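Participant: With the input below, show me the fold.
(6 chains)
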Protein chains: 4
Amino acid sequence: MSPRRKEQVEEIRLKSTQLIVDAALNLFAHQGFYRTTISQIAKQAGISKGLIYNYFASKEQLLEAILDQAMHTGDEVLETLQSPEMDPELALDQAIDQIFDLVKANPIYWRLITALSFQEDIISKYKTKLEKHGQDNLTRLTSLLVKMGVDNPEMEAMYLAASLDGILLHFINFQAHYPIEEMRSFLKIKLRNTQNQT
Amino acid sequence: MSPRRKEQVEEIRLKSTQLIVDAALNLFAHQGFYRTTISQIAKQAGISKGLIYNYFASKEQLLEAILDQAMHTGDEVLETLQSPEMDPELALDQAIDQIFDLVKANPIYWRLITALSFQEDIISKYKTKLEKHGQDNLTRLTSLLVKMGVDNPEMEAMYLAASLDGILLHFINFQAHYPIEEMRSFLKIKLRNTQNQT
Amino acid sequence: MSPRRKEQVEEIRLKSTQLIVDAALNLFAHQGFYRTTISQIAKQAGISKGLIYNYFASKEQLLEAILDQAMHTGDEVLETLQSPEMDPELALDQAIDQIFDLVKANPIYWRLITALSFQEDIISKYKTKLEKHGQDNLTRLTSLLVKMGVDNPEMEAMYLAASLDGILLHFINFQAHYPIEEMRSFLKIKLRNTQNQT
Amino acid sequence: MSPRRKEQVEEIRLKSTQLIVDAALNLFAHQGFYRTTISQIAKQAGISKGLIYNYFASKEQLLEAILDQAMHTGDEVLETLQSPEMDPELALDQAIDQIFDLVKANPIYWRLITALSFQEDIISKYKTKLEKHGQDNLTRLTSLLVKMGVDNPEMEAMYLAASLDGILLHFINFQAHYPIEEMRSFLKIKLRNTQNQT
DNA sequence: AATGAATGAGCGTTCATTCAT
DNA sequence: CATGAATGAACGCTCATTCAT
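Facilitator: Residues are numbered from 1 along each chain as shown, chains lettered A, B, ... in the order given. Have a look, this model is predicted:
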């Protein structure tokens, strides 16, 4: 009965937290936040209801932790985009790849965020951040398209953003049945053509 | 002193039904089905909770009535698409116009259906129908693109469908701030270019 | 549009009242008072909910009207029992016949009253009256048995009352399947034997 | 600090279950099933409404648990009746004693079951079982009376069953005021006489 | 750190009752 | 006399949260 060492405690906390977050993420993404109960999360995580409240003050804060994690993952990826002076065509290809890879790696995050974007009450806290994200991406795309000498770069950027989101929406909803890789290639070809038309 | 005439009763019923459906539609679309309570609907509609149950057997059946109405509205518009032997370019333009007009006329229906597509439990009854719709539209688009002599019409159709849904998704989320008409024109131009490339 | 004559009005009132009472009696007797709704009664009676409140101030008062009617019917029959100086054996036979006939004529009244005797809240108002009834019957039976020179007439009377209620209980529950007439004859034979034993 | 041991939990569960069942049994038996609310049961049991649903999935299943328990108690007693080759007179006495003892030990069970026998909707699940019980008892009584050489044993058995139920019905309704023991003795004497008449 | 029994606010729903027509 | 749309209190039930162990 010697006291646990600090690292052991920390390790246990991390493991439990991850169990809870994973279970909650899946349930939130597929059933929605309100439809998912704390009991379901506990059962799915293989722990007790009470334990969840050792790590998260409330169901809402559990969601926020998940969203923060999702945002952070997204931020990391998209920061790289900022990167250097690079051929704009390649940069655009890379940007698209990053988004596709991001969503393919964690479609569930994407699903959750998209679903929550229809829940006006919950998302309000994140709305500003999400909108800023969207705006940033749009600006970035526009500037790349400018560099590429494309006509009407603002509209092209909005159109590209919409197409991207549409493809990802379909991917999220049809999952394995969706030819996501073919669409990625096709999108790149389209961009190439856009450029050539000018 | 004498009881109301049948038409009077019918008129009252229609009015109340509409009050309820309108209130419910708005709340469901903006807060989600589970977040919306019967009390909220009643308050928004300016009636009592109990009255809702004079017209709808349950909260779920209220949703179904709304969805049926939405589907029906959608069906009506898209039937016309079937129509005649027409220049495929014009037909495609018309198809796009119909979808844009449909969503612009009732963005809230579109918002509700899109939001519900993330609620696995509720949508199951409608999933089949929605998927059939999506598939039909794809087939239709593909055949039009074939007539137009476009290369790789299957991929073009999927890409067009994704772009369309992406644009409408953005429109739903940004509403008045979104340049929906510009996007409509731009989309048509894009299609024109696609054709010319071949 | 001449005003209805008083008798016409009264006739209509009587007819409606009877429709309501009949419907309510059947439903109360088979489903219980609390399980039966005003809507069910109205539907069964072929009238509107509102009309019931033209004749009865509340659901409870409708029940009371029915019980009063049942009691009254019972009283009428049992009053005759009081009657003259008659051979006690015949008087007892007659008393038994009266009860059997009463229950056979309106088993539903009996069923309702028996069922309600288990509902402490409702019956309280009638409990006194019912108990008095029971006590009166017991006294009457006892005095007849005394006249017949039976040993231990008090216990014989209680036993007879219990047997009677037991038979009627079984009759109510099994209805047509129960050999009520055979039991009536058998009961009389038993009484004859009781007498002979002394 | 550490969670409760399994046995501790089980003990707590048993205690709570019993509190709920006891409260519900009394209320159901005296007010009827539909008149009794979950809130009343919780208040009577000294617990919260919600706790009831930790142990019983619904009000109906709470009733079923009580009825199963009642049936089981009854079954246990009546099995002994089956027993050996014994003097039929003694066997009959014993059978009567068992039923009297059973009802005297748990009059509330008897009251509940009798009351429910008037609720057509609820009892249906148990009706078959109860009818079988009644039929079995009748058969048993008849065969004993046959062994005793009684005339017309079928009618005697039905009459005895009715008398028994009548006595118990009166006992249930008058409780302490009813001379149940005197009735038991008297019933046995009656049976003795029946036999002697042949 | 971990459990799960316990709570109670609030949900969807029912239904006796009212009242304008 | 007769209707049925409308109300709201109260029901059965759910579930986020607390806390003794």
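
Participant: any idea how far chain D is from the spatially closest residue to A:Ala42 that is not a sequence neighbour?
Facilitator: Distance criterion CB to CB, 6 or more residues apart in numbering or on different chains; nearest residue to A:Ala42, sequence neighbours excluded, is A:Lys49 at 4.6 Å. Yep, even glycine has a C-beta here, placed from its N, CA and C like the rest. Here the criterion is CB to the nearest CB, to the nearest Å. By it, A:Lys49 lies 12 Å from chain D.

Participant: A:Lys49 touches A:Ser39, doesn't it?
Facilitator: Yes. Taking CB atoms under 8 Å as the definition, A:Lys49 is a contact partner of A:Ser39 at 5.9 Å.

Participant: Which residues are in contact with the spatially most central residue of chain A?
Facilitator: Most central in chain A under CA atoms, centre = their mean is A:Trp110, positioned 4.2 Å from the mean C-alpha point. By CB atoms under 8 Å, 6 or more residues apart in numbering or on different chains, A:Trp110 lies in contact with A:102-103, A:168, A:172.

Participant: can you rerun that using 7 Å?
Facilitator: A:103, A:168, A:172 (CB atoms under 7 Å, 6 or more residues apart in numbering or on different chains).

Participant: Of these - the most surrounded one?
Facilitator: A:Leu168 (25 neighbours; other CB atoms under 10 Å in any protein chain shown).

Participant: dump the residue contacts of that one.
Facilitator: A:Leu168 makes contact with A:103, A:110, according to CB under 7 Å, 6+ apart.

Participant: One more: A:Thr142?
Facilitator: A:153-154, A:157.

Participant: could you pull out the helices for chain A?
Facilitator: A:6-31, A:38-45, A:49-55, A:59-82, A:88-105, A:107-116, A:120-147, A:153-174, A:180-197 (DSSP state H).

Participant: who's in contact with the residue in chain A positioned nearest to chain D?
Facilitator: With CB to the nearest CB as the measure, A:Ser48 is the residue of chain A nearest to chain D, at 8.0 Å. Contacts for A:Ser48 (CB under 7 Å, 6+ apart) come out as A:Ala42.

Participant: Just the pLDDT for it.
Facilitator: What the model reports as pLDDT for A:Ser48 is 97.

Participant: Distance of it relative to D:Glu11?
Facilitator: To D:Glu11, A:Ser48 is 19 Å away according to CB to CB, to the nearest Å.

Participant: Also A:Ser16?
Facilitator: A:Ser16 is 28 Å from D:Glu11, by CB to CB.

Participant: the more surrounded of the two?
Facilitator: More crowded of A:Ser16 and D:Glu11, by other CB under 10 Å: A:Ser16, with 16 against 12.

Participant: mind listing what the more buried one touches?
Facilitator: By CB under 7 Å, 6+ apart, the neighbours of A:Ser16 are A:47, A:51, A:55.

Participant: Need the pLDDT of it.
Facilitator: With respect to pLDDT, A:Ser16 has a value of 96.

Participant: what does the one 5 residues further on give?
Facilitator: Turning to A:Val21, the model gives it a pLDDT of 98.

Participant: what sits against the nearest residue to it once chain neighbours are set aside?
Facilitator: Nearest residue to A:Val21, sequence neighbours excluded (CB to CB, 6+ apart): A:Ile66, at 5.9 Å. Counting by CB under 7 Å, 6+ apart, A:Ile66 touches A:21, A:24-25, A:28.

Participant: what about 10 Å?
Facilitator: A:20-22, A:24-25, A:28-29, A:33, A:56, A:108-109, A:112-113 (CB atoms under 10 Å, 6 or more residues apart in numbering or on different chains).

Participant: now A:Glu154
Facilitator: A:Glu154 neighbours (CB under 10 Å, 6+ apart): A:138-139, A:141-142, A:145-146, B:179, B:182.

Participant: Same check on A:Leu63?
Facilitator: Here A:Leu63 is in contact with A:24-25, A:28, A:33, A:36, A:56, A:112, A:116, A:122, A:125-126 (CB under 10 Å, 6+ apart).

Participant: go on, A:Asp165?
Facilitator: Contacts of A:Asp165 by CB under 10 Å, 6+ apart are A:99, A:110, A:114, A:134, B:162-163, B:165-167, B:169-170, B:173.

Participant: and if you look at A:Leu144?
Facilitator: Counted by CB under 10 Å, 6+ apart, A:Leu144 has contacts A:81, A:86, A:88-92, A:95, A:150, A:153, A:157, A:160, A:191.

Participant: Next, the buried residues of the least confident helix or strand in chain A by mean pLDDT.
Facilitator: Using mean pLDDT, DSSP states H and E, helix A:59-82 stands out as the lowest-scoring helix or strand of chain A, at a mean of 84. By 16 or more other CB atoms under 10 Å in any protein chain shown, the buried positions in helix A:59-82 come out as A:59, A:62-67, A:70-71, A:74, A:78, A:81.

Participant: Would you mind putting the residues you listed into a markdown table with distance to DNA strand E alongside?
Facilitator: Below are those laid out as a markdown table (distance: CB to the nearest atom of the strand, whole Å):
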| residue | distance to DNA strand E |
| --- | --- |
| A:Lys59 | 12 |
| A:Leu62 | 15 |
| A:Leu63 | 18 |
| A:Glu64 | 19 |
| A:Ala65 | 15 |
| A:Ile66 | 18 |
| A:Leu67 | 23 |
| A:Ala70 | 23 |
| A:Met71 | 25 |
| A:Gly74 | 29 |
| A:Leu78 | 34 |
| A:Leu81 | 38 |
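
Participant: Pull the most distant pair out of those.
Facilitator: Using CB to CB, those span at most 33.8 Å, a distance reached by A:Lys59 and A:Leu81.

Participant: what about stretch A:26-38 and DNA strand E, touching?
Facilitator: No. Using CB under 7 Å from any atom of the strand, stretch A:26-38 stays clear of DNA strand E, coming no nearer than 9.0 Å.

Participant: and A:Ile122, how many neighbours?
Facilitator: With other CB under 10 Å as criterion, A:Ile122 counts 22.

Participant: How about the contacts made by it?
Facilitator: A:32-34, A:60, A:63-64, A:67, A:115-116, B:31-32, B:35.

Participant: try 6 Å
Facilitator: Contacts for A:Ile122 (CB atoms under 6 Å, 6 or more residues apart in numbering or on different chains) come out as A:Leu116.

Participant: returning to what we had before: rebuild the helices of chain A as TSV, extending it with distance to C:Leu130.
Facilitator: Output for these, formatted as TSV (distance: least, CB to CB, whole Å):
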stretch	distance to C:Leu130
helix A:6-31	56
helix A:38-45	50
helix A:49-55	53
helix A:59-82	56
helix A:88-105	77
helix A:107-116	64
helix A:120-147	59
helix A:153-174	68
helix A:180-197	79
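
Participant: related to what we said a few turns ago, for ChimeraX, write the selection for the buried entries among the contacts of A:Leu63.
Facilitator: Selecting only the buried entries of these in ChimeraX, with 16+ other CB under 10 Å as the criterion:
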select /A:24,25,28,33,36,56,112,116,122,126
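
Participant: could the contacts of A:Leu63 be laid out in TSV, adding pLDDT and distance to A:Gln195?
Facilitator: Putting these into TSV (pLDDT from 0 to 100; distance: CB to CB, whole Å) gives the following:
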residue	pLDDT	distance to A:Gln195
A:Ala24	98	44
A:Leu25	97	39
A:Phe28	97	40
A:Phe33	96	42
A:Thr36	97	45
A:Phe56	98	48
A:Leu112	95	35
A:Leu116	93	36
A:Ile122	79	40
A:Lys125	77	39
A:Tyr126	82	35
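
Participant: how about TSV for the contacts of A:Leu63, with distance to B:Arg5 added?
Facilitator: Formatted as TSV, the contacts of A:Leu63 follow (distance: CB to CB, whole Å):
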residue	distance to B:Arg5
A:Ala24	57
A:Leu25	58
A:Phe28	52
A:Phe33	48
A:Thr36	50
A:Phe56	60
A:Leu112	54
A:Leu116	50
A:Ile122	48
A:Lys125	54
A:Tyr126	54
